[in-house]
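Trainee: Next input, structure requested:
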Amino acid sequence: MNIDKAKKRIAKQVKRGFKGYPQLTLSYFGKTPECATEVVVELVLSEGGDAFEERFASETDARESEVIQSTLVKIIERTNASSVIEVAGVATR
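Mentor: Numbering: from 1, shown residues only. Predicted coordinates for the structure are as follows:
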């Protein structure tokens, strides 16, 4: 999938806001706020339920990685996520 198309599809889901469960949360981490080298995907199936977590790492900016962004789109589709939340910015570690 094209990087721009994947980013648009994710942004469209995020823009919808909270629509119930299952809820998918995307968080980006990196050594600097300009470069996210890790993505953490958390899936919560129901209110108060346990969160399932998946991590993806990249040598370069994960937000610009076609492979990672396409994978995120597939995860959103396969989990049938009603809500997709994206944590703003890049948290530093």
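
Trainee: mind checking the SS state of the residue most central in space within the chain?
Mentor: Compute the mean C-alpha point of the chain, and by C-alpha atoms, centre = their mean the closest residue is Leu26, 3.1 Å away. Of the three states, Leu26 takes strand under DSSP: H, G, I helix; E, B strand; the rest coil.

Trainee: residue ranges of the strands in the protein, please?
Mentor: For the chain, applying DSSP state E gives strands covering 23-30, 38-44, 51-57, 83-92.

Trainee: elements contacting the second one?
Mentor: Spelled out, it's strand 38-44. If you count contacts as 3 or more C-beta pairs under 8 Å, 6 or more residues apart in numbering; DSSP states H and E, strand 38-44 packs onto strand 23-30, strand 51-57, helix 66-79. Where you see a C-beta, it was placed from the backbone N, CA and C, and this is true even at glycine.

Trainee: One more pass at 6 Å, please.
Mentor: Counting contacts by 3 or more C-beta pairs under 6 Å, 6 or more residues apart in numbering; DSSP states H and E, strand 38-44 is packed against strand 23-30, strand 51-57.

Trainee: Give me whichever of the ones you listed is most buried.
Mentor: Across these, averaging neighbours per residue (mean count of other C-beta atoms under 10 Å) puts strand 23-30 on top, at a mean of 20.

Trainee: What strands flank that one, and is each parallel or antiparallel?
Mentor: Here strand 23-30 has these sheet partners by DSSP bridges: strand 38-44 (antiparallel), strand 83-92 (parallel).
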